[in-house]
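[1] Sequence and computational prediction follow.
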Amino acid sequence: MRPVLGRIVAITAGLLVTALVAAGVTLAILRFESRTNTQQVNLRTGVTILEDSAIVQAAAKARPAVVSVVTQQLPGVVRGSGYLATTDGYIVTNINVIAGASGMTVLIPGDATAHEARLVDYDCQTAVAVIKIDKVNGLPTLAFADPTALVQGQVVVAVGGPVDGNAISPGYVSAMHRVTSVRDPVNLGRTLQLSDTIVTDAVIDGGTSGGPLLNVGSQVVGIAIESPSTVSGFGLNVADIQDDVQQILTTGQVVVASLGATTSDMTPESAALNSLPEGSQVVSVDRVGAAAAAGLRAGDVITQIDDVRIDPAHPLSLLLRSRFHPNQRVTVSYTRAATSTQAELTLTGQHPSCS
């Protein structure tokens, strides 16, 4: 009994620390966040939170803000989830939930009304989408967690919408900063490469896909995407999507800084196997654009922009959203045939392409 008791005490202590950190480190990314949803974990002195109860509490707190998204797609009706980001009906989901939809219906927990939804904007390079239902107000919301606080081994819980009974799937963050391929929602038969995804042992099915991945404070650490296997699920990291979501809520569209080139973020393993430096490889260069004018070519590996090195935690696609902006003059460091060099160029702005 002593070894078992010891493990219980260790788990309890670990979860108490996790809950305290979640309570103290809250980043309210969305300016439209509901005041009724404080996104805090309140602990009294001497209270012990077990893992099971932490998961139950996190799911219960989040459920009112997690919706079902039902779409009409060929060959039939497809269901997914999303969550309310604002009190007046802006909903965050992923592009696979809404791709190819001829119509979208949103169901809110505790509301018998089926709400018609419209697409506001999306980003194929991060796989996030924002949709909107109208003539609503005072709805419960969820907020982003601090993206720098997510760690490997952390407890997470995926929550689905009411069509699936607000099903929950608990798990752990088993890996971070992984490059993952998902089906292209626009070009059938093709795939999209997503950088910096979260891998979890929580099973994500079609009904849960698009819903939030939560920490024990009911804060959003990622957006669930249906797993291509039953072994693990994965999610979009808030570090990648929060700037997209903020832009869409503020301006109605996503515009990101662009080099004028298509690039592919490499994993350290693939770089090592191909005897290349860590970074993002240029796949193609626009005929007219900043990269072409600066002399970049397909096959070059971009390793740094200004003083920011490109690595799995800072992929180029993320940096162009969070650290740089259109019309900014930057210095690009790159490697070609084992020779490192630099070029100066001015970033342009564009809507992310699905191609």
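    Sure, I can see it. All values reported here derive from a predicted model rather than from experimental measurement. Residues are numbered from 1 along each chain as shown.
[2] all helices of the chain, in order?
    Using DSSP state H, the helices of the chain run over residues 2-24, 51-62, 95-98, 238-251, 268-273, 290-294, 316-322.
[3] Let me see the residues that make contact with the fifth one.
    Okay, so that is helix 268-273. 277, 278, 279, 301, 311, 312 (Cβ atoms under 8 Å, 6 or more residues apart in numbering). The way it works is simple: take the backbone N, C-alpha and C, and place the C-beta from them, glycine included.
[4] per-residue pLDDT, the fourth one?
    If you check residue 301, the pLDDT there is 97.
[5] And the helices of the chain, which one averages the lowest pLDDT?
    Sorting these by mean pLDDT places helix 2-24 lowest, at a mean of 37.
[6] quick revisit: out of the contacts of helix 268-273, which end up buried?
    In terms of neighbour count (16 or more other Cβ atoms under 10 Å), the buried residues within the contacts of helix 268-273 are 277, 278, 279, 301, 312.
[7] residue contacts, residue 89?
    Going by Cβ under 8 Å, 6+ apart, residue 89 touches 115, 132, 133, 134, 136, 137, 139.
[8] Share the number of residues neighbouring residue 207, please.
    Neighbourhood size, residue 207 [other Cβ atoms under 10 Å]: 20.
[9] Then the one 3 residues further on?
    The criterion is other Cβ under 10 Å. On that basis, residue 210 has 35 neighbouring residues.
[10] cool, and residue 87?
    If we define neighbours as other Cβ under 10 Å, then residue 87 has 19 of them.
[11] my guess is it contacts residue 142, does it?
    No - with contact defined as Cβ atoms under 8 Å, residue 87 does not reach residue 142; the gap is 11.4 Å.
[12] Pull up the distance across stretch 124-131, start to finish.
    End-to-end span of stretch 124-131 (Cα to Cα, to the nearest Å): 15 Å.
[13] Go through that stretch and flag the buried ones.
    124, 125, 126, 127, 128, 129, 130, 131.
[14] so of the residues you listed, which ones are in strands?
    Assigned to strands by DSSP state E, the following of those qualify: 128, 129, 130, 131.
[15] ok, back up a step: ok, the contacts of helix 268-273 vs residue 99, which is closest?
    residue 312 (26.7 Å; Cβ to Cβ).
[16] Name the nearest residue to that closest one, sequence neighbours excluded.
    Nearest residue to residue 312, sequence neighbours excluded (Cβ to Cβ, 6 or more residues apart in numbering): residue 177, at 3.6 Å.
[17] do you know how far that neighbour is from residue 209?
    Distance of residue 177 to residue 209, computed by Cβ to Cβ, to the nearest Å: 21 Å.
[18] Neighbour count: these two, which is higher?
    Each of residue 177 and residue 209 has its neighbours counted (other Cβ under 10 Å); residue 209 has more, 26 against 20.
[19] Quick one: neighbours of residue 201, just the number.
    Around residue 201 there are 15 other residues, counting by other Cβ under 10 Å.
[20] what about it, distance to residue 155?
    Here the criterion is Cβ to Cβ. By it, residue 201 lies 11 Å from residue 155.
[21] Equivalent analysis for residue 237, please.
    16 Å.
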